[in-house]
Each structure stands twice: as C-alpha cells, then as structure tokens.
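In: pasting the sequence and the predicted model now:
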Amino acid sequence: MSTIRIAVASTPLTATLGEAVPAAVAAVAEAGRMGARIVCLPETGLPGHRSQARPVPDVSGGELDDALDEVAEAARRAGVVTIVGAERPTPAGREIVSFVLGADGARVGVQAKTQIDPSEEPHYVPGSGRRLFTAAGLTFGIGICHEAFRYPEISRSLVLGGAQVVFVPHYVTTDDGLLPSRWCDASNPYNEKALLCRALENTVFVAASNVAAADQGLATCIIGPDGSLVASLEYGSVGVTAADIDVDRASRLSRCAGRRSATSGSPMRRATSWSPIERAGRPELDRRLPDQVRTAKGRTPYTLPCLSARSSSSVVVRTSYVASSTSSAEGR
C-alpha cells in the first residue's frame, strides 16, 4: 500500500488580491501543519471569481505574478505542493488557470481551463492544452470546474495518462442562495453527482475545492475511487481537510491503458476517440461498480486551529475550520 496525504481548502470568496493572498497563504500553511504533501485551492482564488456579485477590479499580469510569488513562498515554508487558482491576462482576454507550485516554491507548471461555462463568457476566454503533473510522489491532473462536470473525456484522458488523483478547483453556487445540508442530496446542484461519476467511472480519487460562501453549492471534498466520500468540509465554512489516500486503489484503469499503450500509442490521445464498439471489446474497461455510495452529512486574522483527527476505516482524515472576517455572503 502506497499512501500520501492530500488536502483541499475552502478559502473565502474574495474580490481583491489584498483579500485573496492572505487567505491562500493561511490555507497553505495549515495544510503543511496537517502534514499534507499537496493541497488544492479553489478556482480563480487570485483575485476571486468574476461571476460573483461584488465587482472584481482589473489586475495586471505583474500584480498576479507578485501574488503568486507570495503563495509560492508559503508553499516553500510549509513544504507543500500547492495548486492555486488564478486568472491570467492574455491578448485574447482573461484565462482561468491553476498554477502548480512545488514544495520548494518553484512553479512546476500551469493548467488552463479549456472549457468555459457560458455564464463565464463575459469575463473569461478558454485556454488550451492538457497536461499531467508529477510531484510529491503523486501523478495527477487538473480539471477546472465546468470541464470536470460536463466533459468526462477530460478526466478519462488524465487517468489513462496515469493520473492517480484528479483535482477539481471550482466555483459553484446554489440557485436559491441556500447552503446544501447533505452531500449529493437530490436537491443539490448536479455537480457533486458529476464528480462522483468521474471517480467511479475512472477508479480515481477526485479532490474538489470550492470557495466558502453563503451560497456554496458544491462541497470541498475528497472522493474515493469507489465513489465514497473520504473527507469534506462543512458547506460555507473556511478551512482545510486532508486525508491519507492509498494511491494503489486508483491504478486499475491506468494499468489497463498501459497495456494498450504498448501497441496503440498515447493513452491521452485515445481517451477521446473510443467508440462503443471498441469499448464493448474491452471488458476490463467495463468493470462492476458499487450500487450505492456513502453520504455525508479584506484581511483577517486567518488562524486555523486544527480539530481532532477522525478516521474512516483505514483512512486518516484531518479537518480544520476558521471563522473568516472576509464576507462570503456577498457572492451571488
């Protein structure tokens, strides 16, 4: 068994870099105190998602670089690989991206959001390219929000390429402005069910990170390859949750892909071109799945006191909460 502790964080819904940077730095520091090797922060955490009710002032590329440098320094101090959501100015418009920062503070790489939700089109443009990352002994990919929910081929291509975890930074709210009370409840937005399906259909861990807001519509959580809820934060709460995951549980589909790649070329390319006939001839890709899943019920100071650890079977889970002075009730 090969285990690694991964973490996901809910930072407050922010609208400026002055709010966003301290929140990100505090989340990274807490992930380090919890012993996580890697932590994922929400979509467009720097400076904040532009679909919210509050206006988000324009920020320059230089200002964003300076903000990323501060978060990278926090990653170095904590010794934690950090996935931080941001926007990136380009000649075509703003892209939504997630930067991967190494445990030494270096920029490992970046994943752009290639599929933009129609509601985001007034503010953002789609990027291009898809890649895998290897850091802290883990191979992982990133599917940002809409592209993980509506485009299952993206997650499939990452897993066929060898990903053991798909990280999903996102910004999802409820239509009625109310917080959900239970994970994957029928009345919740569909997004949680979509991520459950991504985990099940690919036998992969899915680690999702949302902002903490009064209308937060999708949990910040870690989902196991069997669709079980491994760890989660309370809806609307700022904090970090971490779990020890057995990455060997996430290797079955990629091993099948590895056998195919010896004669069929790149599994990343094949992922979007399977036909129903091809799938029918590959029984190892149509494995039995469980019928049921478990359900789960400006500036700060940002202090994140760690709560008692809890365990689920052999999985160790740690969760921390903090009441933030940054208002998250102003989000849409």
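Out: All right, it came through fine. Note that the structure is predicted; figures quoted are calculated from it, not measured.
In: every contact and neighbour count from this point should use C-alpha atoms.
Out: Will do.
In: so where's the chain uncertain?
Out: By pLDDT under 70, the low-scoring segments of the chain are 1, 251-315, 322-332.
In: helices along that one, start to end?
Out: For the chain, the helices defined by DSSP state H occupy 17-33, 61-78, 146-150, 152-160, 191-202, 252-264, 267-270, 276-280.
In: so which of the ones you listed is nearest Ile245?
Out: Proximity to Ile245 (C-alpha to C-alpha) singles out helix 191-202 among the helices of the chain, at 13.6 Å.
In: list the buried residues of that closest one.
Out: By neighbour count on 16 or more other C-alpha atoms under 10 Å, the buried set for helix 191-202 is Asn191, Glu192, Lys193, Ala194, Leu195, Leu196, Cys197, Arg198, Ala199, Leu200, Glu201, Asn202.
In: using CSV, write down the CA coordinates of it.
Out: Taking Å, rounded to 0.1, in the frame of the first residue of the first chain, the C-alpha atoms of helix 191-202 are listed here in CSV:
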residue,chain,number,x,y,z
ASN,A,191,-22.1,19.0,-9.9
GLU,A,192,-21.4,16.7,-6.9
LYS,A,193,-23.1,13.8,-8.7
ALA,A,194,-20.9,14.5,-11.7
LEU,A,195,-17.7,14.3,-9.7
LEU,A,196,-18.9,11.1,-8.0
CYS,A,197,-19.3,9.7,-11.5
ARG,A,198,-15.8,10.9,-12.6
ALA,A,199,-14.4,9.0,-9.6
LEU,A,200,-16.4,5.8,-10.2
GLU,A,201,-16.1,5.5,-13.9
ASN,A,202,-12.3,6.0,-13.8
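In: angle of that helix against helix 152-160?
Out: On the basis of axes from the mean of the first three to the mean of the last three C-alpha atoms, to 10 degrees, helix 191-202 is oriented at 40 degrees to helix 152-160.
In: so what secondary structure elements neighbour helix 191-202?
Out: helix 146-150, helix 152-160, strand 205-209 (3 or more C-alpha pairs under 8 Å, 6 or more residues apart in numbering; DSSP states H and E).
In: out of the ones you listed, deepest packed?
Out: strand 205-209 (a mean of 31; mean count of other C-alpha atoms under 10 Å).
In: what comes into contact with that strand?
Out: Residues from elsewhere that reach strand 205-209 (C-alpha atoms under 8 Å, 6 or more residues apart in numbering): 7-10, 40-43, 164-170, 195, 198-199, 219-225, 250.
In: let's see 7 Å
Out: Contact with strand 205-209 is made by 8-10, 40-42, 164-170, 199, 220-225, 250, as judged by C-alpha atoms under 7 Å, 6 or more residues apart in numbering.
In: next: stretch 137-148.
Out: 43, 111, 113, 115-117, 131-134, 154-155, 158, 162-171.
In: what about it, distance to the chain center?
Out: Relative to its chain's centre, stretch 137-148 lies at 7 Å (C-alpha atoms, centre = their mean, to the nearest Å).
In: all set now, cheers.
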